[in-house]
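Q: Give me coordinates for this.
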Amino acid sequence: MQRKRKNMMDTCIWCKNSKLRDGETDIEVNIAGEVVIFPGIKCKICPECGEKYYDADSEQQKHIDEITHRLHTHYKSLHLRRKLSRSGDSLLLRIPRDVEREYGLNENIEVEISAYDKKKIIIEVV
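A: As a prediction, this is how the structure comes out:
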């Protein structure tokens, strides 16, 4: 487990007497069901139990928080719930007019459809 600390300590909160050493870790953030990995984050590591601590006030943490906030905002702004309709033997997904305008979509745009599992389909403009 990784712990965010306001003031970096020199000893592990679990092992009490173990002096923390400088190291690096990867931080994983879950955003809308997707895992985003921030590699090589400076931290302190307990040599006894392996507990990792990173500084919540550091510039790198502020950068991670900023990117994470932007990604959360992006995913929230694009989240729509729609019912499918049918035309002959095909299913249709209607895209609202405001989304069409915002992203410059029209009937001549080519899209790529990727299915990740039975509940997740991604539509990307090619």
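
Q: for residue 100, phi and psi?
A: Dihedral pair for residue 100: phi -60, psi -50, per degrees, to the nearest 10.

Q: What of the one 3 residues further on?
A: When read as degrees, to the nearest 10, the backbone of residue 103 gives phi -110, psi 10.

Q: ok, now how distant is it from residue 33?
A: 21 Å (C-beta to C-beta, to the nearest Å). (C-beta placed from N, C-alpha, C; glycine too.)

Q: same deal with residue 80?
A: 15 Å.

Q: Show me what the helix or strand containing residue 41 is packed against.
A: For residue 41, the host element (DSSP states H and E) is strand 34-45. Packing contacts for strand 34-45, counted by 3 or more C-beta pairs under 8 Å, 6 or more residues apart in numbering; DSSP states H and E, involve strand 21-31, strand 52-55, helix 59-77.

Q: Taking the centroid of this protein, which residue is nearest it?
A: By C-alpha atoms, centre = their mean, the mean C-alpha position of the chain lies nearest to residue 31, the distance being 3.4 Å.

Q: I figured that one hits residue 73, correct?
A: No: the pair residue 31 / residue 73 is not scored as a contact, 10.2 Å apart, by C-beta atoms under 8 Å.
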